[in-house]
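K.L.:
need a 3D model of the sequence below.
(chains A and B)
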Amino acid sequence: MSDAILEVHDLVTQIKGDIIHNKLSVSVKQGEIFGIVGASGSGKTVLLRTLLGLNNFKSGNIKVFGQNLNQLSQHKNRIGVMFQSGALFSSLTVLHNICVPILEQNIVPKNIAYAIGMQKLQQVGLPDSAAHKMPQELSGGMIKRVALARALALDADLIFLDEPTSGLDPISAEKFDDMLIELQKTLGLTVIMITHDLGSLSVCNRIGVIIDQQMTSGTVAEIQSLQHPWIMDYFNGKRAQSILRKDN
Amino acid sequence: MHLTLKNSTLVLADAWALSQYTVLSTQLSKLTAQRLAFDNVKFDATIYLDSYGCYLLQSLINYCHDHNVNITVPSKIDQQLKNYNFDQSSNFNVQKTQDNIVANLGRSVSHIPQSFKNGLTFLGQFIDQLSQCLKRQEKFRSKTLGNILEQAGINALGIIGLVAFLLGIVLVYQGANQLLRFGAQIFTINLLAISVLRELGILMTAIIIAGRSGSAFTAELGFMKLNNEIDALNVMGINPFNLLVIPRVVGLMIALPLLAVFADLIALLGGGLLSTIIIDVSWGQYWQQLKLAVTPWTVWSGLIKAPFFGFVIGAISCYEGFSVSGGSEDVGRRTTASVVRSIFIVIVIDALFSVIYAKLGL
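P.N.:
A predicted model of the protein is given here:
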């Protein structure tokens, strides 16, 4: 069990009377890219927020880095998060946004933090000229990338991404996928990402599908072979077929 | 160990990561400070680097190249370094350029004509939309108006009543003390009635509403603007002025006079209560004295101002809300501006009315 970086056991979450997850269990291993898929409104983002400690849950057990979630605060610098809408600080420039987590650690000197920040900016494929822009001057895709750069800033062990490739053009999305694999190889990152992008599923070592308030996880092939109507629709739709056929 | 020095060979091993950054950088700077402490650098198989480790390694490699130290970077790490491609030479100019006072003053002065023009445009649009509503060419949003009347009117009764009550008490206290010296304590009631009805009741109400509803309008519209909701309304063919501004401004123009009547009554009640206690008048005498002091015009001269104040507060807060651009910071700035400007203009108009009344001998 030691290599499980995240373990969720019998999680029950309820928001305003609606049960979102009913005894959901999942475990994510160190160094894997884990994709979460599910229909709109099936509670993917709620799960992510619960895992981050932003939502309360009714019952169940969440362990991150082998510790219960309520003690997570000491691991803040081991977790990077990218929210769906970016959640960039609107009063800070792009570079400052990326450097917020780095400077908050108070380990590296400012100029090195900025150098690393610039490097992260290049890593997500943004030009240097973007560094001094304000978030409101950015396009949707650029906001995504800056948010991603901020999530990556600390080279955290565990990174949560909420729909990282939505809103990116296919070329950037592919580059993003390559970058994830690269990071996983070089840094041994664990990535948990919510994605609707069928292309991105190919980089996932395993995926978890939220169906009927529970999660079924396995490799893409394993999930694909399940006989659940939603999964069959998901993988056998025209769009899915055209993408998956190319992969094989 | 991350760094081991053996027979002038430096061996790099283990995790070169952010958590080790402080240790690594101090050790490295110590080693590089002693000249020729090592002439060979080797990489242990256990080494792994994150971006912070790479940054340090890059500076070590640069040092080695400068000082003819033998270093062979394994291809895997070399690839990683190439991916990172740190630019160590550049200094990042991240300080925002601070403007001096003169420049700021100049800029704000140069903005005055533009904001005057914008304000005038807003006023024009408002009058245009209002006249279209009155001519029944555009829908009048009575439901929204109802909501506004509830939020800005009924829900404000509590705080306005409380403040007005205390205002009455304060006036009687101060007045009774001063007038006692002339033996004219009974005129405290005149003082109370005239000052509350002509000036203070309505002014106080306007200031509370500017702080309470004006700020809410600005923040609400400002957030809608940032969230592209105003654009969404425009493309749906719904005039945002018609939907958002008209009900708010008209709502305040209706609510403010009513609230002012309420404030006047409560202030007279509070003042009356204190009068019966400290200047020995019965409620009956208080009423008699009030009737002597107050003419219908005393009441009207205060209430006439109320719709103007309501218009000013509503229009300024909506204008500031629509002017929000940029981010959350601007919402805060605009909300502050909205309240400060509303109160300022309210007091200016109040002064104008005083001058007009005086000239007309009213």
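
K.L.:
how far does stretch A:106-120 sit from its chain's centre?
P.N.:
How far stretch A:106-120 lies from its chain's middle: 23 Å, per Cα atoms, centre = their mean, to the nearest Å.

K.L.:
one more: stretch A:167-185?
P.N.:
Stretch A:167-185 sits 13 Å away from the centroid of its parent chain (Cα atoms, centre = their mean).

K.L.:
can it be found next to chain B?
P.N.:
Yes. Stretch A:167-185 is in contact with chain B by Cβ under 8 Å from any Cβ of the partner chain, via A:E182. Yep, even glycine has a C-beta here, placed from its N, CA and C like the rest.

K.L.:
buried set for that stretch?
P.N.:
Neighbour-count burial for stretch A:167-185, counted by 16 or more other Cβ atoms under 10 Å in any protein chain shown, picks out A:G167, A:L168, A:S172, A:A173, A:F176, A:D177, A:M179, A:L180, A:L183, A:Q184.

K.L.:
I'd like the distance between B:A293 and B:V299.
P.N.:
Distance, B:A293 to B:V299, by Cβ to Cβ, to the nearest Å: 11 Å.

K.L.:
likewise A:V28?
P.N.:
From A:V28 over to B:V299 the distance is 73 Å, taken as Cβ to Cβ.

K.L.:
more crowded one of the two?
P.N.:
A:V28 (25 against 17; other Cβ atoms under 10 Å in any protein chain shown).

K.L.:
and the more buried one, which helix or strand is it part of?
P.N.:
strand A:18-29 (DSSP states H and E).

K.L.:
please enumerate the strands of the stretch 1-150 of chain B.
P.N.:
Ranges of strands in the stretch 1-150 of chain B, per DSSP state E, counting those that start in this stretch, are B:3-6, B:9-12, B:15-16, B:40-43, B:48-49, B:70-71.

K.L.:
for B:T26, grab the count of nearby residues.
P.N.:
10.

K.L.:
correction: B:L243
P.N.:
B:L243, neighbours per other Cβ under 10 Å, totals 17.

K.L.:
for the residue nearest to it when sequence neighbours are not counted, give me phi and psi.
P.N.:
Excluding the flanking residues, the one nearest B:L243 by Cβ to Cβ, 6 or more residues apart in numbering or on different chains is B:R141, at 6.0 Å. When read as degrees, to the nearest 10, the backbone of B:R141 gives phi -90, psi 80.

K.L.:
what residues are up against B:R141?
P.N.:
Counting by Cβ atoms under 8 Å, 6 or more residues apart in numbering or on different chains, B:R141 touches B:N242, B:L243, B:I246, B:P247.

K.L.:
shouldn't the third one be within a helix?
P.N.:
Looking back up the chat, that one is B:I246. Yes. Counting by DSSP: H, G, I helix; E, B strand; the rest coil, one finds B:I246 located in a helix.

K.L.:
B:D128 is in contact with that one, correct?
P.N.:
No. Between B:I246 and B:D128 there is no contact under Cβ atoms under 8 Å: 10.6 Å.

K.L.:
so for these two, which residue has more residues nearby?
P.N.:
More crowded of B:I246 and B:D128, by other Cβ under 10 Å: B:I246, with 24 against 13.

K.L.:
OK, contacts around the more buried one?
P.N.:
Counting by Cβ under 8 Å, 6+ apart, B:I246 touches B:F126, B:Q129, B:L130, B:C133, B:F140, B:R141.

K.L.:
quick one: the fourth one from B:R248, how far?
P.N.:
So the one you mean is B:C133. 13 Å.

K.L.:
looking at these two, which is more packed in?
P.N.:
Between B:C133 and B:R248, counting by other Cβ under 10 Å, B:R248 is the more crowded of the two (29 against 18).

K.L.:
was I right about that one contacting B:A216?
P.N.:
No. Judged on Cβ under 8 Å, B:R248 makes no contact with B:A216 at a distance of 9.7 Å.

K.L.:
what is the nearest of the contacts of B:I246 to A:I19?
P.N.:
Among these, B:R141 lies closest to A:I19 (Cβ to Cβ), at 38.8 Å.

K.L.:
ends of stretch B:229-242, how far apart?
P.N.:
Taking Cα to Cα, to the nearest Å, the first and last residues of stretch B:229-242 lie 14 Å apart.

K.L.:
state the pLDDT value of A:L48.
P.N.:
Predicted confidence (pLDDT) at A:L48: the value is 88.

K.L.:
hang on, the earlier thing: what lines up beside the strand holding A:V28 in the sheet?
P.N.:
strand A:4-15 (antiparallel) (DSSP bridges).

K.L.:
buried sites along the strand it pairs with?
P.N.:
Quick answer for strand A:4-15 (16+ other Cβ under 10 Å): A:I5, A:L6, A:E7, A:V8, A:L11, A:T13, A:Q14.

K.L.:
A:G117 is in contact with A:V100, isn't it?
P.N.:
No. In this structure A:G117 lies outside contact range of A:V100 using Cβ under 8 Å: 9.4 Å.

K.L.:
the two: who's more crowded?
P.N.:
The neighbour count for A:G117 versus A:V100, taken as other Cβ under 10 Å, is higher for A:G117 (25 against 15).

K.L.:
for chain A, which residues are neighbours of chain B?
P.N.:
With Cβ under 8 Å from any Cβ as the criterion, chain A meets chain B at residues A:77, A:90-91, A:93, A:95-96, A:105, A:107-108, A:111-112, A:114-116, A:118-120, A:122-123, A:131-132, A:134-136, A:154-155, A:182, A:186-188.

K.L.:
now those: which count as buried?
P.N.:
A:77, A:90, A:93, A:95-96, A:105, A:107-108, A:112, A:114-116, A:118-120, A:122-123, A:131, A:134-135, A:154-155, A:186-187.

K.L.:
as a whole number, average confidence for stretch B:101-116?
P.N.:
89.

K.L.:
so the residue lying closest to B:I304 once chain neighbours are set aside, which state does it fall into?
P.N.:
Nearest residue to B:I304, sequence neighbours excluded (Cβ to Cβ, 6+ apart): B:F353, at 7.6 Å. Under three-state DSSP, B:F353 falls in the helix class.

K.L.:
with A:L126 instead?
P.N.:
For A:L126, the assignment made with three-state DSSP gives coil.

K.L.:
how many residues are close by it?
P.N.:
22.

K.L.:
which ones are touching it?
P.N.:
Shown in contact with A:L126 (Cβ under 8 Å, 6+ apart): A:V94, A:M142, A:R145, A:V146, A:A149.

K.L.:
in chain A, what residue comes closest to chain B?
P.N.:
Closest to chain B within chain A is A:S90: 2.8 Å, counting by Cβ to the nearest Cβ.

K.L.:
what separation do you get for that residue and B:F308?
P.N.:
Taken as Cβ to Cβ, the span from A:S90 to B:F308 is 36 Å.
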